[in-house]
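1. I'd like to go over a predicted model; first the sequence, then the structure.
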Amino acid sequence: MREFGKYVQAVTERAAEEAQQAGATTIEAEHLLLAMADEEGDGRRLLGSVGLDLQAVRDALETEFRQSLTAAGITFETDSLPGASAAPGKPSRLGTSGKLVIERSMLAVGNKKKAQPAHLLLGVLELNVGTVPRALDLAGVDRAELKARVRELLGDE
């Protein structure tokens with residue numbers, strides 16, 4: 001659990017920076033995913049195994065954002081979206097999707113003492129609706145296969 005706790009703390013701190021840059025007031029699943037893609041560890045290695053480095057995650061999230069805006073009837077004439085205004089400070093609270101990631105990570109563990117850093121990625125992959133699952137689908141990630149890889153690493157299968 002100690003290693004998991006340190007990893008979650010490091011990822012959450014990095015996710016807070018991502019949230020601040022995006023102008024968000026809470027840390028959401030997409031910020032956690034970006035942080036995992038940037039933080040040394042199993043999460044980054046597993047994401048890399050399906051072609052998702054930090055830039056690929058950013059690109060997938062931007063594509064999802066563009067599609068969501070288009071679905072809402074908002075289009076842009078240029079290729080680039082206007083940048084977000086950074087929030088004045090780093091958020092310190094998890095938003096709804098961020099809390100779900102942590103909850104699903106812990107549900108996947110069963111015994112808290114056996115929690116490993118890869119459980120956090122599993123928590124992200126357990127999300128079925130929202131920005132992150134749509135972005136992963138748009139990036140061509142087979143979430144079921146990636147989940148299987150995570151479970152294999154964790155010795156769950």
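-> That came in fine, so what should we check first?

2. now the helix or strand of the chain with the lowest mean pLDDT, how far from the centre of its chain.
-> Here the helix or strand of the chain ranked lowest by mean pLDDT, DSSP states H and E is helix 54-71, holding a mean of 91. Centroid separation for helix 54-71 versus its chain: 13 Å, with Cα atoms, centre = their mean, to the nearest Å.

3. what comes up buried for it?
-> Using 16 or more other Cβ atoms under 10 Å as the test for burial, helix 54-71 gives 54, 56-58, 60-61, 64, 66. C-beta: built from backbone N, CA, C; applies to glycine.

4. helices or strands next to the next helix or strand along the chain from it in the packing?
-> Using DSSP states H and E, the helix or strand that follows helix 54-71 in sequence is helix 96-109. For helix 96-109, the packing partners by 3 or more Cβ pairs under 8 Å, 6 or more residues apart in numbering; DSSP states H and E come out as helix 29-38, helix 118-125.

5. with just CA atoms, put the next helix or strand after the shortest one into CSV.
-> Downstream of helix 118-125, the next assigned helix or strand under DSSP H and E is helix 131-138. Coordinates of each C-alpha in helix 131-138 appear next as CSV, following Å, rounded to 0.1, in the frame of the first residue of the first chain:
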residue,chain,number,x,y,z
THR,A,131,-14.3,12.2,-21.6
VAL,A,132,-11.6,9.6,-20.9
PRO,A,133,-13.3,6.5,-22.4
ARG,A,134,-14.3,8.5,-25.5
ALA,A,135,-10.8,9.9,-25.9
LEU,A,136,-9.3,6.4,-25.5
ASP,A,137,-11.7,5.0,-28.1
LEU,A,138,-10.8,7.9,-30.5
